[in-house]
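**Q** Fold the following, please.
(2 chains)
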Amino acid sequence: MADSLERILPRVQKPARYVGGEYNEVIKDRAQVKLRMAFCFPDVYEIGMSNMGMQILYGAINAEPDIWCERVFAPWGDMAEEMRRNSVPLYALESGDALGEFDVLGFSLGYEMAYCTVLDMLDMAGLPVRSEDRPELSPLVFAGGTSCCNPEPMAEFFDLMVLGEGEEADIEVLRLFQRARDAGWTKSAFLREAAKIGGVYVPSLYEPVYNSDGTLAELRCLEGAPEVVTKRIVTDLDAAYYPTKPVVPSTEIVHDRVNLELFRGCVRGCRFCQAGYVYRPIRARSAQKVIELGREMLENTGCQEATLLSLSSSDYRHLPEACDGLLDWCEPRSISLSLPSLRADNFSMELMARLQKVRRGGLTFAPEAGTQRLRDVINKNVTEEELLNTCRIAFEGGWNGIKLYFMLGLPTETDEDVGGIAELAARVLHVWRESSPNKQRGVRITVSTSCFVPKPHSPFQWEAQVDMAEYRRRVELLRRSITAKNVTYNWHDADTSFIEAALSRGDRRVGMAIEAAWRRGARLEAWSDYFSFQRWLDAFADCGLDPAFYATRERGEDECLPWSRVNMGVRTQLLLRERHRAYEGKLSPDCRAGCSACGAAALLDEGVKCDG
Amino acid sequence: MDRLRLRFEKTGKAVYISHLDLMRVAQRVFLRAGVPLRYSEGYNPHALISICLPLSVGTASLCELMDFRVAAGLDLQELPGRLTAVSPEGIRFLECYEPERKAAGIKWLEVGGELEYDGRAARDIAGEVEEFFAREHVEVTRRTKRGEGRFDLAGHLRGFRVESAEGEKLTLRALVSAQEPTVKPELLLDALRQSAPPLAPDFGRFTRIETYDADMRVFR
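**A** Residues are numbered from 1 along each chain as shown, chains lettered A, B, ... in the order given. Here you go, the predicted model:
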């Protein structure tokens, strides 16, 4: 370890997150590998190490014997300051080598509030933040992850972006880069060639043209760039790479357990939900494979807990079989299984009771809206009766805490819908009074609201976000409507959601505001310790931009959207139809009750069916 | 023989693993190695593992002791190797045995230190440092759970000597009281900073070398 680093570490909080050396980290011989990649996660270690996507890609890339992929996280503020003061450049955990020694930097872009951190990490690595200011081929700076489904806000900073799932596409990009480097190609020659790889979006090959009103007129294709870039997927999950030897952190992280992925995609079609659309089509692992992977991972990590991950676990067809198989193995070893994202129904409750034999803490449900009318608008297929029934079973079973999540500011929301949230909470409390076997213990009902952020590639991608004053008015209205003392109300800040909305549907010019915010000191903006609303307003003003233009303006249905060159699988026509049905208050069936022909199945290999 | 003791090293990158984190790390090491740990009875069972003397983050050790309980017999000879094979970098298990004495019998710790003086010749400082710690009273202000208090190192620090002074680095050895009272070696640096700032190094690192009982017999 470098002497300077050794001197810094005793002075910072939780130094274990800055040294690596964890069990299962991948160490290769620098001299033997042909390509070195730094997998950069633009948030702190505790968050990044909990991220399943990072675990998968770290393993998948390192499965290539001649490529060494190492981990890099953003240091917390105290460490970042010490590093800058002592001229310690950002380094990778495995080798301790500075990022300047790597061929490729790959960023995981999962949420908008991490954008500034990407720039900060590039700067800490000693690299110019803009792609055009890095004329050499090496190092290649690219990104993948859900936020890339609107590539434009970060377009100026990355050389290329990979859309969709990276297990295969990332390696194709790395191999092409290796060829280009060895043959001495120019950066632009490499990028033109890379654009031919499926799923690769090369921002410099698209030129935005704007109308006089500031809206986008077109994203002009340059030098033979593809008209549309279609995201990549892995067709067969049983055959796909899965990390059975994940790195086991030596210090506490957010989700410190084995992550076991059940299936990808979601059959539900909730209209506000980006994930429900961009992860289609539905592809499931077999129960046998889930059980096999689970055992192997638990043995290889020594973890005492495994969590079964998916967007909606109740919709996994083999759930009982997979749970039984895992429990048979876990129970004698005192290993617990957790199962988030269950639907509020009887079956789920029985399953929960089996899984959580000992600890019965809180249960969380997300009705999202307070009235049936609004739940129909957003296509959230949960009725009040179902929810109350589930709460009854939970209370009878000994649970004494329920958290209810809602969004304020959903399209067509009225004050009646807002009041409906308070009424629903009151009914849940009533159910507790009727059904709790042990009232002395009391009950905690927590209502949380966040401000709805319309997201690209969802049916609500054209919607205006409610402005901050209106959101605050609705929060206040709800706050006054909740009177029971057993019901606690928490609400998210309006300002974070407003900035998130501006970034999420931004065009290429928003990148200037992101850079300006970073130059004014923004990093780790998902942390309230660091987020500064005024700094963002100043940053947008620096660039002559109005965040409201991006956040609270309704888009015309014929408007050219910044993500119009991106195909995430679902046809825009389907999104539009869902939007119209929302305004008519019409439900759409889930994929299993009736296929909507959304288009995502076309991404599958020939002969493979969508599991929806 | 369900009560066992392991002696292990914690060096290199592992020095940054905190005491609390090490408990969890150890539990996972045992599970990966397939050691049948005994768990506490009760509502939230936890593995019966205890690390005898908490070690400060940043301090290395060649002589850590960990007591644990097992539910079945084990081959004690091969256990250290088996555990090391599934441990994070810097954790190395040395031996496993049935303890004869309780860890409360540890009284003295032999520690080694390296003090770095940027831009200064260590040999010019060595004599003064030795002299400083040989004083009748070596008072230092330290923060404990009960708040800030004055503490006299004398009597709880023995055999302080400078082993070498080469270039800008001074190497030292000493015995410090392991418990009642606990003297962390960093306290030596605090004493210099507070009472003799010109002798305070720019950086210091310490390593625990050996455990002894009150009669200065090696503790196992």
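
**Q** Show the contacting residues for B:Phe30.
**A** Contact partners of B:Phe30, counting by CB atoms under 8 Å, 6 or more residues apart in numbering or on different chains, are A:302, B:37, B:47, B:49, B:68, B:83. All C-beta spots, glycine's among them, are computed from the backbone N, C-alpha and C.

**Q** again, only this time at 7 Å
**A** B:Leu37 (CB atoms under 7 Å, 6 or more residues apart in numbering or on different chains).

**Q** Just the buried positions in the strand or helix carrying it, please.
**A** Assigned by DSSP states H and E, B:Phe30 belongs to helix B:19-32. Buried residues in helix B:19-32, counted by 16 or more other CB atoms under 10 Å in any protein chain shown: B:21-32.

**Q** same deal with stretch A:490-501?
**A** Buried, per 16+ other CB under 10 Å, within stretch A:490-501: A:491, A:493-501.

**Q** Looking at those residues, which one is closest to chain B?
**A** Among these, A:Thr496 lies closest to chain B (CB to the nearest CB), at 31.1 Å.

**Q** circling back to that earlier point, which element is encountered next along the chain beyond the helix holding B:Phe30?
**A** strand B:49-51.

**Q** got the residues of chain A near chain B?
**A** With CB under 7 Å from any CB of the partner chain as the criterion, chain A comes near chain B at residues A:7, A:9-10, A:15-16, A:19-23, A:248, A:250-252, A:301-303, A:334, A:358.

**Q** hmm, 8 Å instead?
**A** A:1, A:6-7, A:9-10, A:14-16, A:18-23, A:25, A:248, A:250-252, A:299-304, A:334, A:358-359 (CB under 8 Å from any CB of the partner chain).

**Q** Need the buried ones from these selected in ChimeraX.
**A** Entered in ChimeraX, the line below selects the buried ones among those, by 16+ other CB under 10 Å:
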select /A:6,7,9,10,14,15,16,18,19,20,21,22,23,25,248,250,251,299,300,301,302,303,304
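
**Q** Distance from the helix holding B:Phe30 to the middle of the chain?
**A** Between the centre of helix B:19-32 and the centre of its chain there are 18 Å (CA atoms, centre = their mean, to the nearest Å).

**Q** Would you mind writing the CA trace of it as PDB?
**A** Extracted in PDB, the C-alpha atoms of helix B:19-32 (Å, rounded to 0.1, in the frame of the first residue of the first chain):
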ATOM      1  CA  HIS B  19     -13.200  -5.100  16.000                       C
ATOM      2  CA  LEU B  20     -16.900  -5.300  15.400                       C
ATOM      3  CA  ASP B  21     -16.500  -6.100  11.700                       C
ATOM      4  CA  LEU B  22     -14.000  -8.700  12.500                       C
ATOM      5  CA  MET B  23     -16.600 -10.600  14.600                       C
ATOM      6  CA  ARG B  24     -18.700 -10.900  11.500                       C
ATOM      7  CA  VAL B  25     -15.800 -11.700   9.300                       C
ATOM      8  CA  ALA B  26     -14.700 -14.500  11.600                       C
ATOM      9  CA  GLN B  27     -18.200 -16.000  11.700                       C
ATOM     10  CA  ARG B  28     -18.200 -16.100   7.900                       C
ATOM     11  CA  VAL B  29     -14.800 -17.600   7.800                       C
ATOM     12  CA  PHE B  30     -16.000 -20.400  10.100                       C
ATOM     13  CA  LEU B  31     -19.000 -21.000   8.000                       C
ATOM     14  CA  ARG B  32     -17.000 -21.100   4.800                       C
END
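
**Q** if we can go back for a sec, narrow the residues of chain A next to chain B to those in helices?
**A** Of those, the ones assigned to helices by DSSP state H are A:6-7, A:299-301.

**Q** Could you tell me which residues within stretch B:89-97 count as buried?
**A** B:89-93, B:96.

**Q** filter these by proximity to chain A?
**A** B:89-90.

**Q** if we take the buried residues of stretch B:89-97, which one ends up nearest to chain A?
**A** B:Glu89 (3.5 Å).

**Q** and the residue nearest to B:Pro201 when sequence neighbours are not counted, what helix or strand is that in?
**A** Of all residues not flanking B:Pro201 in the chain, B:Leu115 sits nearest, at 3.7 Å (CB to CB, 6 or more residues apart in numbering or on different chains). Per DSSP H and E: B:Leu115 is located in strand B:108-116.

**Q** Which neighbouring elements make contact with whatever helix or strand comes next after that strand?
**A** Using DSSP H and E, the next helix or strand after strand B:108-116 towards the C-terminus is helix B:122-133. Packing partners of helix B:122-133 (3 or more CB pairs under 8 Å, 6 or more residues apart in numbering or on different chains; DSSP states H and E): strand B:157-166, strand B:169-177, helix B:186-195.

**Q** Just put those in TSV and tack on mean pLDDT and distance to chain A.
**A** Listed next are the helices and strands packed on helix B:122-133 as TSV, based on pLDDT from 0 to 100; distance: least, CB to the nearest CB, whole Å:
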stretch	mean pLDDT	distance to chain A
strand B:157-166	95	16
strand B:169-177	97	11
helix B:186-195	96	9
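
**Q** could those be laid out in a markdown table, adding distance to A:Ala369 and mean neighbour count?
**A** Shown next, in a markdown table, are the helices and strands packed on helix B:122-133 (distance: least, CB to CB, whole Å; neighbours: other CB atoms under 10 Å in any protein chain shown):
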| stretch | distance to A:Ala369 | mean neighbour count |
| --- | --- | --- |
| strand B:157-166 | 68 | 15 |
| strand B:169-177 | 64 | 19 |
| helix B:186-195 | 56 | 18 |
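
**Q** Can you pull the residues of chain B lying near chain A?
**A** So far as CB under 8 Å from any CB goes, chain B lies against chain A at B:12-14, B:16-18, B:21, B:24-25, B:27-32, B:39, B:43-45, B:57-58, B:86-90, B:202-203, B:205.
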